[in-house]
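> A structural model of the following input is requested.
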Amino acid sequence: MIWWFLILIIVSSLWVLSFYFKSKKPEILDANQSNIELSKNKLLELETDFTNGNISKEDFDKSKVEIEEALSLDLEEINEWKNRDTKSDYIVYFSLIFLGLFSLTIYQTLAPDFVPKSNEISKTPTLEESEQKLRQFLQDNPNDDESWRVLGLTLFEQGKIAESISAYEKAYEIDSENINTLIELASAIATFQENDFRGRPAQLIDKALKINPNSPDALYVAGLIAVNGGQFELAKSTWEMALNALPANHQDRQILIDILKELDSIVSGKEIPSTSISVEIDFSKEVLETRGKDFLMVYIKSVNGPPMPVAIQKIKLKDYKGRLVLTKDNEVMPSIPLSSLNEGLVVVRLSKSGNAIRQKDDYEVVSDPINVQYSPLVKFKVE
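Below is the predicted model of the structure:
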C-alpha cells in the first residue's frame, strides 16, 4: 500500500511542476534577448558608417556610448531574472520534497490505525480453535483456574459434556469458592445426568449461595431444583430474590418475570396459553441414505438462559414425515414451560447414539433467534 502512496506523491509533484513552469514569463527574456541582438547590429552599423566616413568621430563616440549603455542594461536585467528564477526553482523543489516527506511521515503514523495489513485482520475464532488455544495455554499455566473454567464452558458449548466436567473439576480443585465455577460445574453435571440437579449439583449450588446469597445465577438454578422437588413456593421466593438481584436493565429480568407468571399459573391451576413451534427439515438424498438409521433430535432452547432444551422430540430419521411440532407435551422441565420463552433457538441434531450429550460424529444445525410467542414455522435444509 505504501508504494501506491509514493506514486501518488510523485504524480502530484509532477502535476504541480507542470503548472509552475507554464506560469513563468519567458516573453521578458525573449524581448531583452532581441534588444541585445538589435544593439549589437546597431553597433556594427555604427562602426561601418564611421569607417566609410559617413559620420564624424564625435557622433560615433556619442552613439556608441548610448548603444553600450542600453546593451548593459539589457544584460543586467537578464542576469537578475535568471538569478531570481533559479532561487524560485530551488524554493519550489525544496517545498515539494518537504511536503512529500511530511506526507509520508503522516501516512506511516496513521497507517496502523486506518490501513491495517491483511494479516492483522483476524476473524472470530471457532469453539474448536478456542479450545486448542486454551489447552496450549494451560500446558504452561496449569494452575490458572479461570482458564480451566473457560475451557469447561467452551467444551460444554461443543456438547463435550464429560470433558467439560473434567475441566471444571480442575478449576474447582484450584479455587473451590469461585461462584461461576460452582454454578457451571453444577449445570454440566446436571446435563450429564439428563437435566437432573439432585445430588452433587444441588450441593454445589448450596455452596455457591453460602458464599454469595444474592447471586442471581445461583438463585435461578436453586429455583429449578426446588421446582423439580415439587417445592413451588420455595421456587417462587427464590426466583423473586433472583429477580431483585438483577439490575433494572438486565436482559434476564423478562425471562424470570415470564417464568414466575407460568409458575403462578401452574400453582393456581389456571390454563396455560398454548405455544408451539413447527419445524420442517429438507434432508438431501445423500443424508437420508448415509444417516437413515440415525436418531433425529429437534429441540428448542433459550437464547439467553440455560443451554439445556426446553422442549424436545426424538425419533428415528427414517420415521420423519416432513414436520415435527414442539408443544408443552415435549417440555423437559415443568419449571420452564415452552410458553415462558420469548426468544429461542431451534436445534436439529442427527445422532447415531441418540444420547442427549452431543457426540463427536453428531451433525447439528442451529436456527437464528425466533419469537416463540407467535408459534412460528422454522425451516431447515440439511445436505
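
> Relative to residue 368, how far out is the nearest residue in space to residue 215 that is not next to it in sequence?
Distances taken as CB to CB, 6 or more residues apart in numbering put residue 179 closest to residue 215, at 5.5 Å, once the chain neighbours are dropped. For glycine as for every other residue, the C-beta is placed from the backbone atoms N, C-alpha and C. Separation of residue 179 from residue 368 (CB to CB, to the nearest Å): 32 Å.

> Show me which of the two is the more surrounded one.
residue 179 (15 against 9; other CB atoms under 10 Å).

> Poorly predicted segments of the stretch 51-200 of the chain, please.
52-124 (pLDDT under 70).

> For it, which segments are assigned as helices?
57-114, 127-140, 145-157, 161-174, 179-192, 200-211 (DSSP state H, counting those that start in this stretch).

> neighbours of residue 177, just the number please.
Neighbours of residue 177 using other CB under 10 Å come to 12.

> quick one, what contacts it?
When contacts are counted by CB atoms under 8 Å, 6 or more residues apart in numbering, residue 177 touches residue 211.

> now the one 5 residues further on
For residue 182, the set of contacting residues under the criterion of CB under 8 Å, 6+ apart consists of 172, 176, 204-205, 207-208, 211, 218.

> The residue lying closest to it once chain neighbours are set aside: how many residues sit nearby?
Excluding its sequence neighbours, the residue lying closest to residue 182 (CB to CB, 6+ apart) is residue 208, at 4.1 Å. Number of residues near residue 208 (other CB under 10 Å) recorded here: 25.

> now swap in residue 336 and tell me
Count around residue 336 with other CB under 10 Å applied: 27.

> what residues does stretch 184-197 touch?
Contacting residues not belonging to stretch 184-197 are listed as 149, 152-153, 156, 161-162, 164-165, 168-169, 171-172, 199-202, 204-205, 208, 221, 224-225, 228, 306-309, 332-333, 356-357 [CB under 8 Å, 6+ apart].

> which of those residues are buried?
149, 152-153, 156, 161, 164-165, 168-169, 171-172, 201-202, 204-205, 208, 221, 224-225, 228, 306, 308-309, 332-333, 356 (16 or more other CB atoms under 10 Å).

> can you list the domains in this structure?
Per the record, the chain has its domains at 2-117, 127-268, 277-382, by automatic domain parsing.

> quick revisit: tell me who's in contact with the residue nearest to residue 182.
Residue 208 touches 179, 182-183, 186, 215, 218, counting by CB under 8 Å, 6+ apart.
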